[in-house]
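Peer 1: Have a look at this fold, sequence not included:
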């Protein structure tokens, strides 16, 4: 997990205007995290998470697979903020306060790996939990087919 924080700190935020459209999501990190991520998301009503959809106005929403169809859940706003990880200026996704718990307390910080490929770090803005950053990758897609 420490390696992902180091990698994240070495990267720059993606240009805000490049985050548009569908991004397929992948859990990365140690095996225990990749195995536990999906079952833990079921408890938070985001089981079968497949990625995110960004609109030109700076809004985003998660994509989940339900009954063979992609559904959009839990809106977010793309914001500029100082990183909780490395204290550098960056981009993050803040979940709308109207989302069910725990999502209003969650923030996804974003850094660019290369064009169309983003490293995200999910953190809870709750005391010591904000130091636990869970990595994921977003890859730009043409549409929702293949999610």
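Peer 2: Okay, I see it. Worth saying up front: this structure is predicted, and the values here are computed from it rather than measured.

Peer 1: Check which helices and strands the worst-scoring helix or strand of the chain on mean pLDDT is in contact with.
Peer 2: The helix or strand of the chain with the lowest confidence, counting by mean pLDDT, DSSP states H and E, is helix 31-43 at a mean of 80. Under the contact criterion of 3 or more CB pairs under 8 Å, 6 or more residues apart in numbering; DSSP states H and E, helix 31-43 touches strand 21-27, strand 134-140. The C-beta positions use only the backbone N, C-alpha and C, and glycine is treated the same way.

Peer 1: again, only using 7 Å
Peer 2: With contacts taken as 3 or more CB pairs under 7 Å, 6 or more residues apart in numbering; DSSP states H and E, helix 31-43 sits against strand 21-27.

Peer 1: Adjacent strands (with direction) for the strand it packs on?
Peer 2: strand 49-54 (antiparallel), strand 134-140 (antiparallel) (DSSP bridges).

Peer 1: now those as CSV including mean pLDDT, distance to residue 21 and mean neighbour count?
Peer 2: Output for the strands paired with strand 21-27, formatted as CSV (pLDDT from 0 to 100; distance: least, CB to CB, whole Å; neighbours: other CB atoms under 10 Å):
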stretch, mean pLDDT, distance to residue 21, mean neighbour count
strand 49-54, 97, 6, 21
strand 134-140, 95, 7, 19
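
Peer 1: Having no further points to raise, I will conclude here.
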